[in-house]
Every structure is written in structure tokens, then in C-alpha cells.
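Asks: after the sequence you'll find the predicted model.
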Amino acid sequence: MSDFIPVNTPLLNGNEKKYLNACIDTGWISSEGPFVREFEEQFAALMGRRHGIAVANGSVALDAAVAALGLGPGDEVILPTFTIISCAAAVVRAGAKPVLVDSDPLTWNLEVSQVEAKLTLRTRAVMVVHTYGLPVDMDPLLALKEKYGFLLLEDAAEMHGQTYRGRPCGSFGEISTFSFYPNKHITTGEGGMIVTDDPQLAEKCRSLRNLCFQPGKRFVHEELGWNFRLSNLQAALGLAQMERLEEFVARKRHMGRRYRELLAGVPGLQLPLEQTDYAENIYWVYGVVLEDNLGFDAEEAMARLAACQVGTRPFFWPMHEQPVFRKRGWFLDERYPVAERLARRGFYLPSGLALTDAQMERVADAVRQVCR
Ligand SMILES: *Cc1c(COP(=O)(O)O)cnc(C)c1O
């Protein structure tokens, strides 16, 4: 089993050990340590934002963002059906209603042309989720925002270092969020970041992250928050990783190009778009979609690849097909054919930053064999 190629292995060979040792040497291991603020400031600046609030992971970043924006009962939030549960969960837990939109079959991102038809008088926000390496087409969405005045919440969990027409992903939302899970472009093991330009929203997020303790009367609470804090140990990793973001993005792009060369001519395989007119793919993961003429689905392909010692992960399962929501009677008569197809025919190949070129060749050989 030792030659099994995992779907992700992070790269931790920069200053990670040095900064972690500093935590241990100084005794600063909690969220009170100095690396947390440093990480927040540097990360926010890198994304072109004024404020950064480090949190425990990318999912709770969304919870805090939804709460800080004041979304709740009676409000509708438009989001893609093809996304991770965290997005819909944040909306639902706040008591607001998720309203779904299908994806583009080539970029796999929110189909912006379908958003306007979903707007109602109750629409308070649109949550965009840049997916798998290419950004959502923001210009037409920003035009709608201008016209209708909804709030924009941007889930940039997969987009560290990506830009839309030259502007950083994560710089578009009233609030934008990131994750530092080990398969993201920079990792803290577990971790996340909220970024915003609005000082009041930033303060609100800081307070929500820290149980809404009050400065003067610590244990007297005007509101309910959470413990969503990031530790100094995690921030130490983040600082070391962030130093290499450009290099990591370049490596991912190299991997994308290499996979494309290696997989050229494999019949029945849709590869990720290399670019659109607004961005060049950064391949958060290297996704593939099986064409309809292949007589098997993603589940079968992934099982066959596992037998060849190649790790994979399925694509997202759409929100409108989630048992947890269908049990509540939601989305029962809604169909989003692109998302449904991506869920059944899409999966991703080993894409982590520690993946070697030799391993990519082995993966491609296995894919070729499986698709024959
Ligand atoms: C990874 C991810 C998250 C969740 O981040 P965690 O840190 O794992 O909680 C949220 N949204 C998207 C789009 C993601 O890819």
C-alpha cells in the first residue's frame, strides 16, 4: 500500500517548523499569541482587504459572516446548488432561506445568468462560491448587485491567490471568507479567515468569534457568539505558508498544464478549462468529468482508480439533492441538471502541492487504463 497516491498531501517544508518552535519556546500557543494578529494583517493585505479575522475553519467563517450581516428569518440568500454543505448550512442555521442556482457546465461555477430570475423582494444576499480553481464571473453579478442592492458574501475558500480580471478573489464581498484546510493552497491544518473592508462588520465578526465577550464586562453578554478562535500554533503555519503563496499557485498551474498534457486524447474525459477571458485556472483540485458516452459513472471510475492505488474524491453533491434538506420537504420539485450531472460524473485526481511529476504520470496512466 505504500505506493498509494493520496488525493492530497500538503507541502510544509518552509518556515513552518521554525515558527511553530517559536510558539513552543515562547509559550504562546492560544489565540492570544502574536502570530494570529500578524497572520490576519498580512493575509488581509494580500487579498486587498482592510480587515482580517482568523477563525477555526472555513465553515464557521461562513456562519460568522452570515450572522454579522444580520441574515435571518424572512431573508432569502441565493447560492449555487453545486457547493459544499457549509454554505447552505450557514444560511439555514441562521434561519434564512437558501435559494438555489445551477452551474455552468464548463467552469462548474454559479450560472450568473440564472440569478436575476431568482431575486425576490426577500433576497438579502447572494453567496458566490469560486469553485475548483476558476472564479465566478463577477462583472455581471456586480451589475445585478448595483441594480438590486443585495449583499454579497464571497466564499473564496478555494481561491487563495486567484484573481478575477486582475482583482483578488476574496476582495469582492461585503464579507469574504477563506479556509486553510490541508487541501487548500495555504493551510493551517484547520483554519479560516474572514476578510472585509467595513470596520463595523470586522468588529462584529471579532466579537462573534470570541463568544461576544465584552471589553469592559467580560462575562456579561449582549449577544451570543461562538468560540471560533484560531490558535497561535495554527497562525504560525499560516504565516509560513503564506510566504510561499505565489510559488504554490505557480506549482498548481504547472500541475494543471502537466495533467492536461498527460491526459490529452483520453476518450470521454472532460478536463478543467485552462482559462476564461477573466482568469487563468489555479486548479485548487484537478477535476475531471466523464462524458455521457462512457458507460460508467464517477463512483465506478473512482473505485477502479483506487484499485490502481490512486486516491480521488467525488465532486460536490448538490444542495437540492441533500437528504437533510429533502427530509424537510425543501427543493423537492427543483431540478438543476448541470449540478446533478457534475455530481454523478465528476471527481478529482490527486492534486496536493506535494504531488510529484512522477506521481502525476502514474495517475495519468491509471486514468488512461480505467477509461479505455
Ligand atoms: C473547504 C471549503 C469550505 C470549508 O472549509 P473548512 O475549513 O473545511 O471548514 C467552505 N467552502 C468551500 C468552497 C470550500 O472549498
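Replies: Cool, the structure landed. Numbering: from 1, shown residues only.
Asks: which stretches of this structure have low pLDDT?
Replies: 1-2 (pLDDT under 70).
Asks: what's the neighbour count on the residue in the chain that the ligand sits nearest to?
Replies: Nearest to the ligand in the chain, going by C-beta to the nearest ligand atom, is residue 58, at a distance of 2.6 Å. The way it works is simple: take the backbone N, C-alpha and C, and place the C-beta from them, glycine included. Residue 58: 25 surrounding residues under other C-beta atoms under 10 Å.
Asks: and it, what does it touch?
Replies: Applying C-beta atoms under 8 Å, 6 or more residues apart in numbering to residue 58 gives the contacts 86, 155, 157, 177-181, 184, 191-192.
Asks: for the stretch 201-350 of the chain, just list every one of the strands.
Replies: For the stretch 201-350 of the chain, the strands defined by DSSP state E, counting those that start in this stretch occupy 269-270, 286-290, 313-314, 346-349.
Asks: ok, which stretches of the chain are helices?
Replies: Here the chain has its helices, by DSSP state H, at 16-26, 34-46, 58-68, 85-93, 138-148, 199-209, 232-242, 245-263, 298-307, 323-326, 337-345, 357-371.
Asks: to residue 279, which of those lies closest?
Replies: Of all those, helix 138-148 sits nearest to residue 279, with 9.7 Å by C-beta to C-beta.
Asks: and the closest one, C-alpha only, in PDB?
Replies: Taking Å, rounded to 0.1, in the frame of the first residue of the first chain, the C-alpha atoms of helix 138-148 are listed here in PDB:
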ATOM      1  CA  MET A 138     -18.200  38.600 -11.200                       C
ATOM      2  CA  ASP A 139     -18.900  41.600 -13.600                       C
ATOM      3  CA  PRO A 140     -22.500  40.600 -14.500                       C
ATOM      4  CA  LEU A 141     -23.100  39.700 -10.900                       C
ATOM      5  CA  LEU A 142     -21.800  43.100  -9.700                       C
ATOM      6  CA  ALA A 143     -24.100  44.700 -12.200                       C
ATOM      7  CA  LEU A 144     -27.000  42.900 -10.700                       C
ATOM      8  CA  LYS A 145     -25.800  44.000  -7.200                       C
ATOM      9  CA  GLU A 146     -25.700  47.600  -8.400                       C
ATOM     10  CA  LYS A 147     -29.200  47.300  -9.800                       C
ATOM     11  CA  TYR A 148     -30.900  45.500  -6.900                       C
END
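Asks: partner residues bridging the nearest residue to residue 206 once chain neighbours are set aside?
Replies: Nearest residue to residue 206, sequence neighbours excluded (C-beta to C-beta, 6 or more residues apart in numbering): residue 53, at 5.4 Å. Note on residue 53: beta-bridge partners by DSSP bridges are residue 194.
Asks: could you double-check that residue 53 lies in contact with residue 40?
Replies: Yes - look at residue 53 against residue 40 with C-beta atoms under 8 Å: they come within range, at 6.4 Å.
Asks: between those two, point out the one with more neighbours.
Replies: Ranked by neighbour count (other C-beta under 10 Å), residue 53 and residue 40 place residue 53 first, with 30 against 22.
Asks: nearest the geometric middle of the protein, what residue?
Replies: Centroid-nearest residue in the chain, with C-alpha atoms, centre = their mean: residue 157, separated by 2.8 Å.
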